[in-house]
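# Could you look at this predicted model? Sequence included:
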Amino acid sequence: MSLNLQDVRWDGLFPHQPATHDLTEFAPIHLAKSVLVTGAGGSIGSALSRAIHALRPQALILLDSSEQNLYYIHRDLSSIAGPVRVVPVLGSVADETCVRDVFERFRPDVVYHAAALKHVPLGEMNPFAVVQNNIVGTSVVANVACTSRTERLIMISTDKSVNPRSIMGASKRLAEMLLHSMTDATTRMTSIRLGNVLGSEGSVVPLFLDQIARGGPVTVADPHVERYFLTMDVTVQRILIAATSYREEPGIAVPVMGDPVKIADLARFLIEQASKPEVAITYTGLRPGDKLQEEFIAANETIASESSDEIQWVTGPVVSAAHLATGLADLLEALNERNLTKLLDVLTRLVPEYQPSVYLLQQAEAAAK
């Protein structure tokens with residue numbers, strides 16, 4: 001008998017993570033408002049959309065580039081009786097015409113920007129798509145939000161943005177910097193860095209359960225790899241806390257985390273839960289862009305005094321909007337030329353702590369020849 005995700009008892013591996021807030025605490029900024037969720041069909045986007053729907057916005061606009069994912073979340077929310085208008089929009093955040101049309105038609109008061117390409121190894125093999133979606137897409141959404149005088153924009157970022165070793169992490173770090181430079185008194189913009197979410201699409205847990213069901217082996221990159229985890233319920237609450245918090249100074253929200261968990265220990269735990277001690281663990285080596293440990297706060301960032309038991313606010317060096325605009329123009333040029341060498345040069349100039357993987361550097365060298 002296979003072990004399903006819903007059957008896993010996490011006690012013993014993760015400290016209990018209760019969702020400590022009643023959702024109604026987050027109603028004031030959502031009630032009778034127009035709310036846009038980008039990437040609404042993804043794991044976090046759909047969980048966030050369900051939570052926001054319960055807060056009774058006037059309209060909930062679901063934007064996603066995946067037809068199937070958009071269909072499922074729209075179907076689920078449309079089946080709930082109530083006054084909320086649920087609008088599905090099939091399109092990409094990097095499509096400025098589409099995004100402008102959404103803002104002109106629905107005038108969102110609050111935007112949750114969850115649309116992102118987030119798979120590290122797949123991103124290393126598709127760097128242009130990552131930059132197009134994660135950087136250009138964020139720039140489009142943020143610029144249109146500013147011109148539309150949207151009240152607030154919250155982007156879902158990642159711990160991989162800190163000292164990035166993958167193009168995905170570097171793209172999210174630059175997206176954080178873009179929002180930081182654009183926030184003003186009219187449109188408050190912030191990012192929240194998340195670690196791994198238990199059971200989300202593409203996470204290791206569904207992969208391990210599938211490998212266990214097939215009789216193994218369970219593949220782990222390295223015995224020393226460790227990651228931070230939160231449950232989906234707690235993740236959604238942390239996002240809503242960040243969204244409803246008001247700070248005079250722009251910053252990045254970081255959930256207060258427990259200790260990281262070794263991925264090898266997670267694999268052994270799931271094998272034990274499945275009662276299949278015969279399943280072996282195989283170590284495959286770090287993939288391009290992977291790190292042994294992730295970080296949430298960079299050395300040049302400081303924790304603000306407004307931090308709480310659930311959310312820390314961090315601030316760091318401010319990069320001028322003019323410098324970022326020049327860099328973004330150079331990135332667009334590299335994208336249009338499909339020039340990987342130029343793309344990496346611009347990214348490392350804008351995000352100096354980014355160290356491209358050997359794989360990407362080899363691909364750039366090969367393309368240049």
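Now that the structure is in, tell me what you want to look at.
# all strands of the stretch 151-300 of the chain, in order?
Here the stretch 151-300 of the chain has its strands, by DSSP state E, counting those that start in this stretch, at 152-158, 188-194, 196-197, 218-220, 226-227, 229-230, 252-255, 261-262, 281-283.
# Can you give the strand pairings for the third one, parallel or anti for each?
In the sheet, strand 196-197 lines up against strand 229-230 (parallel) (DSSP bridges).
# what's the spacing between the closest residue to Glu151 other than its chain neighbours and Ala27?
Computed as Cβ to Cβ, 6 or more residues apart in numbering, the closest residue to Glu151 that is not its neighbour in sequence is Asp109, at 4.9 Å. The C-beta positions use only the backbone N, C-alpha and C, and glycine is treated the same way. Distance of Asp109 to Ala27, computed by Cβ to Cβ, to the nearest Å: 13 Å.
# Those two: which has the busier surroundings?
Asp109 (20 against 16; other Cβ atoms under 10 Å).
# picking that back up, could the strands of the stretch 151-300 of the chain go into TSV alongside mean neighbour count and distance to Ser92?
Shown next, in TSV, are the strands of the stretch 151-300 of the chain (neighbours: other Cβ atoms under 10 Å; distance: least, Cβ to Cβ, whole Å):
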stretch	mean neighbour count	distance to Ser92
strand 152-158	25	16
strand 188-194	24	20
strand 196-197	21	23
strand 218-220	20	32
strand 226-227	18	29
strand 229-230	22	28
strand 252-255	24	25
strand 261-262	16	34
strand 281-283	14	37
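# Now render these as CSV, adding distance to Ile167 and mean pLDDT.
Listed next are the strands of the stretch 151-300 of the chain as CSV, based on distance: least, Cβ to Cβ, whole Å; pLDDT from 0 to 100:
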stretch, distance to Ile167, mean pLDDT
strand 152-158, 12, 96
strand 188-194, 17, 95
strand 196-197, 19, 88
strand 218-220, 23, 96
strand 226-227, 19, 94
strand 229-230, 24, 88
strand 252-255, 20, 94
strand 261-262, 25, 92
strand 281-283, 25, 97
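# May I see those strands organised as a markdown table, with distance to Leu3 added?
Listed next are the strands of the stretch 151-300 of the chain as a markdown table, based on distance: least, Cβ to Cβ, whole Å:
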| stretch | distance to Leu3 |
| --- | --- |
| strand 152-158 | 28 |
| strand 188-194 | 25 |
| strand 196-197 | 19 |
| strand 218-220 | 12 |
| strand 226-227 | 20 |
| strand 229-230 | 18 |
| strand 252-255 | 27 |
| strand 261-262 | 18 |
| strand 281-283 | 16 |
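# Indicate which one of these is closest to Leu340.
Of all the strands of the stretch 151-300 of the chain, strand 152-158 sits nearest to Leu340, with 22.3 Å by Cβ to Cβ.
# now that closest one: how far from the chain's centre is it?
Distance, stretch centre to chain centre, for strand 152-158: 8 Å (Cα atoms, centre = their mean, to the nearest Å).
# Give me the angle between it and strand 188-194.
20 degrees (axes from the mean of the first three to the mean of the last three Cα atoms, to 10 degrees).
# which helices and strands sit right next to strand 152-158?
Under the contact criterion of 3 or more Cβ pairs under 8 Å, 6 or more residues apart in numbering; DSSP states H and E, strand 152-158 touches strand 110-113, helix 137-147, helix 167-182, strand 188-194, helix 232-244.
# who does the next helix or strand after the first one touch, helix- and strand-wise?
I take that to be strand 110-113. Counting by DSSP states H and E, the next helix or strand C-terminal to strand 110-113 is helix 120-125. If you count contacts as 3+ Cβ pairs under 8 Å, 6+ apart, helix 120-125 packs onto helix 167-182.
# 10 Å instead?
Helix 120-125 is packed against helix 127-130, helix 167-182, helix 358-368, with contacts defined by 3 or more Cβ pairs under 10 Å, 6 or more residues apart in numbering; DSSP states H and E.
# Of these, which is nearest Val319?
The closest of the helices and strands packed on helix 120-125 to Val319 is helix 167-182. By Cβ to Cβ, the value is 5.3 Å.
# Okay, angle between the closest one and helix 137-147 too, please.
20 degrees.
# sorry, back to before: closest to Asp95 out of the helices and strands packed on strand 152-158?
helix 137-147 (7.6 Å).
# nearest residue to Gln355 other than its sequence neighbours?
Spatially, and ignoring its direct neighbours in sequence, Gln355 is nearest to Arg165 (5.5 Å; Cβ to Cβ, 6+ apart).
# Am I right that the one you found is in contact with Thr348?
No: contact criterion Cβ atoms under 10 Å: Arg165 and Thr348 do not qualify, at 12.0 Å.
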